[in-house]
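J.: What would the 3D arrangement of this be:
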Amino acid sequence: MRALAIRFGKENEIENWELAGLLHDMDWDKTRNEPATHTKLTEEILKKENFPAEVVEAIRRHNREAGNPPPETLLEKALYYTEEITGLVVAAALILPSKKLADLTNESIIKRFKESAFARGVDRELLKEMPSQIILSLEELTAIALKTMQGMNEELGL
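T.: Prediction:
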């Protein structure tokens, strides 16, 4: 999310973009079996702790299962699409013999994107609509995600 904030010229909002990216699945361990409730606990906690409203709203809107309205702001949309692409990047890394992000290429991720049986949990239709929503190609988003994730491979364990 930090890299996307920079890409979109939102340097003065980097902290909020990072917070949204880091905290968006904070309640996942407690809500994974009830997808419609995902983000509600996070929303309550963040509001109580006076987190910026735009961060809380981006987190809330990223859960499509809860019937939340679609994302409107650039931050909300970026989080919405980034969650999908990072899932694809991780899945593509995990099928490599090394299981290392360093050995992954943007081209191999795009190739896997086209394989509907691969990483079935990734919403490809959502990612296909992305260019019309945030003026960013799938290839560019993938490259940004891969480069960023490769830079934090130790933290990710990949």
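
J.: mind showing which ranges of this protein have poor pLDDT?
T.: By pLDDT under 70, the chain contains no weakly predicted segment.

J.: ok, longest helix in it?
T.: helix 74-94 (DSSP state H).

J.: Confirm for me that L4 is in contact with T82.
T.: Yes. Here L4 reaches T82: they are 6.6 Å apart, a contact under CB atoms under 8 Å. C-beta coordinates here come from the backbone N, C-alpha and C atoms, glycine included.

J.: what about the residue positioned nearest the centre of the chain, distance to W28?
T.: Nearest to the geometric centre of the chain sits E83, at 2.0 Å (CA atoms, centre = their mean). Counting by CB to CB, to the nearest Å, the separation of E83 from W28 is 11 Å.

J.: what do you get for L19?
T.: Counting by CB to CB, the gap from L19 to W28 is 16 Å.

J.: Compare the two (neighbour count), which wins?
T.: For L19 and W28, the more surrounded residue by other CB atoms under 10 Å is L19, and the numbers stand at 19 against 13.

J.: How about that one: what's its closest non-neighbour residue?
T.: V55 (4.9 Å; CB to CB, 6 or more residues apart in numbering).

J.: check which helix or strand covers the one you found.
T.: Assigned by DSSP states H and E, V55 belongs to helix 53-61.

J.: Restricting the selection to alpha carbons, write that helix to PDB.
T.: Taking C-alpha atoms only, helix 53-61 is exported to PDB below (Å, rounded to 0.1, in the frame of the first residue of the first chain):
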ATOM      1  CA  ALA A  53     -12.000   7.600   9.400                       C
ATOM      2  CA  GLU A  54     -10.600   7.000   5.900                       C
ATOM      3  CA  VAL A  55      -8.500   4.100   7.100                       C
ATOM      4  CA  VAL A  56     -11.500   2.600   9.000                       C
ATOM      5  CA  GLU A  57     -13.800   3.000   5.900                       C
ATOM      6  CA  ALA A  58     -11.300   1.500   3.500                       C
ATOM      7  CA  ILE A  59     -10.900  -1.500   5.800                       C
ATOM      8  CA  ARG A  60     -14.700  -1.900   6.100                       C
ATOM      9  CA  ARG A  61     -15.300  -1.600   2.400                       C
END
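
J.: Tell me, how many residues neighbour L96?
T.: L96 sits with 14 neighbouring residues when counted by other CB under 10 Å.
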